[in-house]
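*Asks:* give the three-dimensional model of this entry:
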Amino acid sequence: MSIHYTTDRAIVTITIDRPEVSNAIDRPTAQALADAMRRFDADPDLAVAVLTGAGGKFCAGADLKAMNEHATGRSVRVEPHGDGPVGPTRLLLGKPVIAAIEKLAVAGGLELACWCDLRVAATDAVFGVYCRRWGIPLMDGGTVRLPRLIGHSHALDMILTGRAVPAPEAARMGLVNRLVAPGETLEAAHALAQNIAEYPSGAMRSDRLSSYDQWERPLPDALTREYTHGMATLDTGQTTEGIRQYNTGERQYAKLT
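*Replies:* Residues are numbered from 1 along each chain as shown. Now for the predicted structure:
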């Protein structure tokens, strides 16, 4: 099995397990990964997902050795509709996903990391559009999400050159949210996920979706959409209950990570 799905309270860890190819993704793995994300999104008992890779590496992108194996069904799908080549990259989930990145997140692996809401990376991790070297285009949202995350100039630096970007530089660009020691990304991502999971879910999820929904909208339209998302949250009653807990001191939160 190339994808593992492990739950612990409100957190699910989804692991790409193909260490022999640096967790590169073939078609069955892409399908299994997209299905795992849909399973997480549909489970009311789960609040946050952590995406990681087995064997101390995150993901090297699409499995190039499988690209010509059309007869075996291992070549990634490249079609205009449905899932992306590496799986869930065309989905917009209703709940957050955190990437725990060791060693490398390159080519489609970089696009997968950009698809996640937050990225926790080891200080020795490397990011890059390595597919540039083989004439392979970005088709899992890389040309869209990377500029939105780090700005057009930084994104073009990566997209045009295909160079290796070390984690500290990626953090300065805004691509990495947390830098931790090698081998500690999964623990740090779980701690971050637990912090997020402790909050009332309605407002967090509404604000998250609004932040995605506002792209390319005129400001008045974006503000109206934010209001709509916010009102849907207020209607759940979670805000009233949260204010009550604040005023009574009934619920306390750990120090933010």
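
*Asks:* so Leu175 sits against Arg148, correct?
*Replies:* No - using C-beta atoms under 8 Å, Leu175 is not in contact with Arg148, being 11.1 Å away. To be clear about C-beta, it is placed using only N, CA and C from the backbone, and glycine gets the same treatment.

*Asks:* more neighbours: the two, which one.
*Replies:* Taking other C-beta atoms under 10 Å, Leu175 and Arg148 do not tie; Leu175 has more neighbours (24 against 13).

*Asks:* could you check how far that one is from Glu20?
*Replies:* Distance, Leu175 to Glu20, by C-beta to C-beta, to the nearest Å: 27 Å.

*Asks:* what does Pro168 give?
*Replies:* 29 Å.

*Asks:* which one of these two has more residues nearby?
*Replies:* Neighbour totals were compared for Pro168 and Glu20, and Pro168 leads with 14 against 9 (other C-beta under 10 Å).

*Asks:* state the distance from the more buried one to Leu179.
*Replies:* 7 Å.

*Asks:* now do Pro147
*Replies:* 22 Å.

*Asks:* and Leu192, by the same measure?
*Replies:* Taken as C-beta to C-beta, the span from Leu192 to Leu179 is 13 Å.

*Asks:* neighbour count winner among the two?
*Replies:* Leu192 (22 against 17).

*Asks:* am I right that the more buried one falls within a helix?
*Replies:* Yes - counting by DSSP: H, G, I helix; E, B strand; the rest coil, Leu192 falls inside a helix.

*Asks:* would you agree it is in contact with Glu184?
*Replies:* No - look at Leu192 against Glu184 with C-beta under 8 Å: they stay out of range, at 11.9 Å.

*Asks:* for the stretch 151-257 of the chain, which segments count as strands?
*Replies:* 165-166, 178-180 (DSSP state E, counting those that start in this stretch).

*Asks:* in the stretch 1-150 of the chain, where is pLDDT below threshold?
*Replies:* Judged by pLDDT under 70, the stretch 1-150 of the chain has its weakly predicted residues at 68-73.

*Asks:* residue ranges of the helices in it, please?
*Replies:* Taking DSSP state H, counting those that start in this stretch as the criterion, the stretch 1-150 of the chain contains helices spanning 27-42, 108-115, 142-150.
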